[in-house]
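Colleague: Sequence and computational prediction follow.
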Amino acid sequence: MNINYSSSIHSNLQISSIKIITLKLDQNNSISHACPSFFNEGFFILKLETKDGISGLGEPSTYGDNIKNCINFIKKYLSEMIVKKNIGDVWNELDNLQINRSKISEGGYASIIAALSQ
């Protein structure tokens with residue numbers, strides 16, 4: 001399904017900031033037996049805030065890439081691509097964010113797109 005948000009309420013919500021909320025087990029509680037990588041590495045949630053005070057959370061896939069690679073990509077590239085843009089425009093242009101895909105793995109990119117699309 002192709003949804004265009006250009007004429008909806010979303011088109012007037014300008015992103016004012018993107019924040020990264022990291023979650024990680026205490027080092028004393030690390031798990032040594034077989035478990036998902038994010039149990040010990042941690043994971044993060046993206047928080048988008050609008051200039052009107054509305055915020056939303058998005059959870060990236062925990063298997064896309066190393067958490068550090070994803071966070072670095074968000075800080076160095078993604079923030080400047082979406083902050084000060086309208087949410088509707090960002091949603092409609094998710095495919096165009098591929099311009100900087102050389103800066104992150106395929107899995108990391110897919111993980112971040114998953115978080116933005118929530």
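Modeller: The structure has been received and is ready for your questions. What you are looking at is a predicted structure, and each value in this text was computed from that prediction instead of being measured.
Colleague: And the host helix or strand of A115, what does it pack against?
Modeller: With the criterion set as DSSP states H and E, the secondary-structure element containing A115 is helix 106-116. With contacts defined as 3 or more CB pairs under 8 Å, 6 or more residues apart in numbering; DSSP states H and E, the secondary structure elements packing on helix 106-116 are strand 43-50, strand 55-58, helix 67-73. Just so you know, the C-beta spots here come from the backbone N, C-alpha and C atoms, and that holds for glycine as well.
Colleague: Look at I15 and tell me its secondary structure.
Modeller: Using DSSP: H, G, I helix; E, B strand; the rest coil, the secondary structure recorded for I15 is strand.
Colleague: helices and strands of the protein: which one bottoms out on pLDDT?
Modeller: Comparing helices and strands within the chain by mean pLDDT, DSSP states H and E singles out helix 37-41 as the least confident, with a mean of 68.
Colleague: about what we covered before: can I get the helices and strands packed on helix 106-116 in TSV with distance to I18?
Modeller: Formatted as TSV, the entries for the helices and strands packed on helix 106-116 read as follows, by distance: least, CB to CB, whole Å:
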stretch	distance to I18
strand 43-50	6
strand 55-58	10
helix 67-73	11
